[in-house]
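In: Quick check, what structure comes out for this input:
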Amino acid sequence: MDHNPDRICVWPGYFDARSSRRSGRRVPKDSSVIKPDLEGLFLAARKLGLKKIKREERIAHPARPHQGEGRMWVSRTGSKQSVGANSKEELLQLIGAQWRQMQREQKDANAERVAKGPQTGDRRARSQRKSRGDVKQASTNTKKRSGFKKR
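Out: Residues are numbered from 1 along each chain as shown. Next up, the predicted model:
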């Protein structure tokens, strides 16, 4: 691809919470995410307010040739106008913070959904719940029949 000084290249590996700064993370831990991918990076950039974005899938970072993580190109002038980021590092931190917030909201929503239990009419989830209770009840019935007595 031709060199264009108006574009900023952003790789998902820049936001990996499991990697160190030395191995390629470019944002602080509080702006990094677990299991970064190109789709999540794109959604976080869109939610942040960036408009001029181009995705390239199955492209490998030169330092990580075994991972086809893909990359995203962001317009430097567009990011300055829409987000107010003057440098690439500032843009990466803003995207990382937004992405981490999105992951936290998704995790909370999943935890709330699990705590709430199955919906009315969800036969598969209800049957799984019932089967777990049947197993528990069957094990207590077995203990009762085995003649085991508490003292």
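In: use CA for all of it now, contacts and neighbours both
Out: Noted.
In: Just give me the residue right at the centre of this protein.
Out: Centroid check for the chain by CA atoms, centre = their mean gives Q103 as the closest residue, at 5.1 Å.
In: Strands of the chain, residue ranges please.
Out: 7-10, 53-56, 71-75 (DSSP state E).
In: helices and strands around the longest one, which ones?
Out: In terms of contacts (3 or more CA pairs under 8 Å, 6 or more residues apart in numbering; DSSP states H and E), strand 71-75 is packed against strand 7-10, helix 38-48, strand 53-56.
In: go on, the first one?
Out: In this structure, strand 7-10 packs against strand 71-75, with contacts taken as 3+ CA pairs under 8 Å, 6+ apart.
In: For the strand it packs on, which strands pair with it and how are they oriented?
Out: strand 7-10 (antiparallel), strand 53-56 (antiparallel) (DSSP bridges).
In: Could you tell me the angle between that strand and helix 38-48?
Out: For strand 71-75 against helix 38-48, the angle by axes from the mean of the first three to the mean of the last three CA atoms, to 10 degrees is 20 degrees.
In: could you dump the strands of the chain to CSV with mean neighbour count and mean pLDDT?
Out: Listed next are these as CSV, based on neighbours: other CA atoms under 10 Å; pLDDT from 0 to 100:
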stretch, mean neighbour count, mean pLDDT
strand 7-10, 17, 96
strand 53-56, 14, 96
strand 71-75, 20, 97
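In: Distance to R22 added to the helices and strands packed on strand 71-75, as TSV?
Out: Shown next, in TSV, are the helices and strands packed on strand 71-75 (distance: least, CA to CA, whole Å):
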stretch	distance to R22
strand 7-10	17
helix 38-48	21
strand 53-56	25
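In: so the closest residue to the residue nearest to the centre of the chain other than its chain neighbours bridges to which residues?
Out: Nearest residue to Q103, sequence neighbours excluded (CA to CA, 6 or more residues apart in numbering): V33, at 7.6 Å. V33 has the following beta-bridge partners by DSSP bridges: D16.
In: so how many other residues sit close to V33?
Out: For V33, the tally of surrounding residues (other CA atoms under 10 Å) stands at 25.
In: do the one 5 residues further on as well
Out: Under the neighbour criterion other CA under 10 Å, L38 is assigned a count of 20.
In: per-residue pLDDT, it?
Out: Note for L38: predicted pLDDT of 97.
In: mind listing what it touches?
Out: By CA atoms under 8 Å, 6 or more residues apart in numbering, the contact list for L38 reads 11-12, 55, 57, 69-72.
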